[in-house]
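In: sequence and predicted model, in that order:
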Amino acid sequence: MIKPLKKAVLPVAGLGTRFLPATKAMPKEMLPVVDKPLIQYAIDEARAAGIEEFCLITARGKDNLIDYFDVAYELEATLRGRNKVSAIEALESSSVEAGSLVAVRQQNPLGLGHAIWCARNFIGTDPFAILLPDDIVKGGRSCIAQLADVYRQTGGNVLAVNEVPPEWTDRYGVLLPGEDDGKRVEVKGLVEKPAPADAPSNLAIIGRYILTADVLEPLSHLKQGVGGEVQLTDAMAELIGKVPFHGLRYEGTRFDCGSKLGFLEAQIAMAVDREDLGQDVRAFLKKYI
């Protein structure tokens with residue numbers, strides 16, 4: 001029996017050093033793309049896949065990520081008093097149902113695998129999605145919802161994958177592919193950040209996963225991998241052959257908002273599609289190009 005997917009883990013404990021000084025007093029995940037922070041895009045994507053429970057893996061100094069999803073009584077009262085209807089509606093998506101969001105501290109920055117292990121009590125024995133807010137996937141349908149379709153068909157683990165330039169393989173977890181129908185690909189092996197000469201393919205994992213709780217057992221050993229960190233890719237690799245394992249070439253465009261260029265590109269791509277902004281954005285871009 002394939003268990004329903006209702007949980008998501010969002011690792012948000014990173015320091016955001018690429019965006020200093022902006023991230024000196026503000027979590028990177030709170031940086032806005034147009035008028036929504038990165039963390040909101042991830043939560044909205046998960047909700048669109050039917051996910052109802054969320055766990056933020058945070059760190060010291062990131063409490064405003066939790067505050068963001070709380071009810072702002074004073075602000076809402078002020079807006080109602082001024083009859084700011086559109087502003088009140090804009091706030092709705094920044095709240096979550098009571099009891100549906102928890103936060104867990106990752107006291108030491110020991111890698112993505114360690115962050116997921118910190119959520120072990122939240123995960124329990126259930127399948128769960130992982131969304132890295134650094135990645136925004138723009139498209140007609142939630143990327144996690146697309147992965148969930150495959151999960152409901154096959155069970156096991158499902159990863160969002162992109163074909164990347166071969167010289168970029170040392171930035172990603174990379175698949176050794178098996179059967180491949182052009183969209184869904186069997187995962188026969190996984191390697192974390194291989195040198196281009198050693199990469200088994202150029203199919204790279206982006207920040208969207210659906211995993212079973214089986215991954216917690218190899219993570220529990222806290223084995224260090226590339227960079228001296230506990231690598232999620234290494235733990236997933238131990239499950240190959242034990243549970244179904246697939247990659248999905250999802251529909252949509254991924255923006256790497258962990259880099260300055262990717263973040264700027266996401267701003268433009270999101271803005272030009274907005275009915276209230278698109279025409280004006282296109283007009284002012286012409287002044288600089």
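Out: On my side now, so go ahead.
In: other SSEs contacting the lowest-mean-pLDDT helix or strand in the chain?
Out: Of all helical and strand segments in the chain, the minimum by mean pLDDT, DSSP states H and E falls on helix 85-92, at a mean of 82. In this structure, helix 85-92 packs against helix 73-81, with contacts taken as 3 or more CB pairs under 8 Å, 6 or more residues apart in numbering; DSSP states H and E. C-beta coordinates here come from the backbone N, C-alpha and C atoms, glycine included.
In: buried residues, the helix it packs on. List them.
Out: Under the neighbour-count criterion of 16 or more other CB atoms under 10 Å, helix 73-81 has 76, 79 buried.
In: next one: stretch 98-111
Out: Under the neighbour-count criterion of 16+ other CB under 10 Å, stretch 98-111 has 101, 103-104, 106, 110-111 buried.
In: end to end on that stretch, go ahead and measure it.
Out: Terminal residues of stretch 98-111 lie 30 Å apart, using CA to CA, to the nearest Å.
In: run through who's touching that stretch.
Out: 11, 13-15, 52-60, 65-66, 69, 114-115, 118-119, 121-122, 222, 225, 227, 229-232 (CB atoms under 8 Å, 6 or more residues apart in numbering).
In: burial check on Arg47, number of neighbours?
Out: The local packing of Arg47 (other CB atoms under 10 Å) involves 17 other residues.
In: what ranges do the strands span in the protein?
Out: For the chain, the strands defined by DSSP state E cover 7-11, 32-33, 36-37, 53-58, 101-105, 128-131, 135-138, 157-163, 173-180, 184-192, 203-211, 245-248, 253-256.
In: what strands flank the second one, and is each parallel or antiparallel?
Out: It stands for strand 32-33. Using DSSP bridges, strand 32-33 pairs in its sheet with strand 36-37 (antiparallel).
In: so how far is Glu29 from Val272?
Out: 23 Å (CB to CB, to the nearest Å).
In: quick one: low-confidence residue ranges for the stretch 1-150 of the chain.
Out: By pLDDT under 70, the stretch 1-150 of the chain contains no weakly predicted segment.
In: what about the closest residue to Gly262 other than its chain neighbours, distance to Ala119?
Out: Spatial nearest neighbour of Gly262, excluding adjacent residues (CB to CB, 6 or more residues apart in numbering): Asp256 at 3.6 Å. In this structure, Asp256 and Ala119 are 23 Å apart, going by CB to CB.
In: how distant is stretch 78-90 from the center of its chain?
Out: 30 Å (CA atoms, centre = their mean, to the nearest Å).
In: start to end distance for that stretch?
Out: 14 Å.
In: what's in contact with that stretch?
Out: For stretch 78-90, the surrounding residues in contact (CB under 8 Å, 6+ apart) are 35, 76, 91.
In: ok, these vs Leu264, which is closest?
Out: Nearest to Leu264 among those: Asp35, at 15.8 Å, using CB to CB.
In: OK, contacts around the closest one?
Out: Applying CB under 8 Å, 6+ apart, the residues near Asp35 are Ala90.
In: now do stretch 177-189: distance from first to last residue.
Out: With CA to CA, one end of stretch 177-189 sits 7 Å from the other.
In: list the buried residues for the least confident helix or strand of the chain?
Out: Within helix 85-92, judged by 16+ other CB under 10 Å, no residue is buried.
In: point out where the stretch 151-289 of the chain drops to low pLDDT.
Out: Using pLDDT under 70, the stretch 151-289 of the chain has no residue that qualifies.
In: and the helices in it?
Out: Assigned helices in the stretch 151-289 of the chain, in chain order: 216-219, 232-237, 260-272, 278-285 (criterion: DSSP state H, counting those that start in this stretch).
In: just name the most buried of those.
Out: Of these, the one with the most neighbours on average (mean count of other CB atoms under 10 Å) is helix 232-237, at a mean of 24.
In: helices and strands around it, which ones?
Out: So helix 232-237, by 3+ CB pairs under 8 Å, 6+ apart, packs with helix 112-118, strand 173-180, strand 184-192, strand 203-211, helix 216-219.
In: alpha carbons only: can I get it in CSV?
Out: Listed next in CSV are the C-alpha coordinates belonging to helix 232-237 (Å, rounded to 0.1, in the frame of the first residue of the first chain):
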residue,chain,number,x,y,z
LEU,A,232,21.4,13.2,1.5
THR,A,233,22.5,11.9,-1.8
ASP,A,234,24.7,9.2,-0.1
ALA,A,235,21.8,8.1,2.1
MET,A,236,19.5,7.9,-0.8
ALA,A,237,22.0,5.8,-2.8
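In: ok so, going back, closest one to Thr154 among the helices and strands packed on helix 232-237?
Out: Among those, strand 184-192 comes nearest to Thr154, with 8.3 Å by CB to CB.
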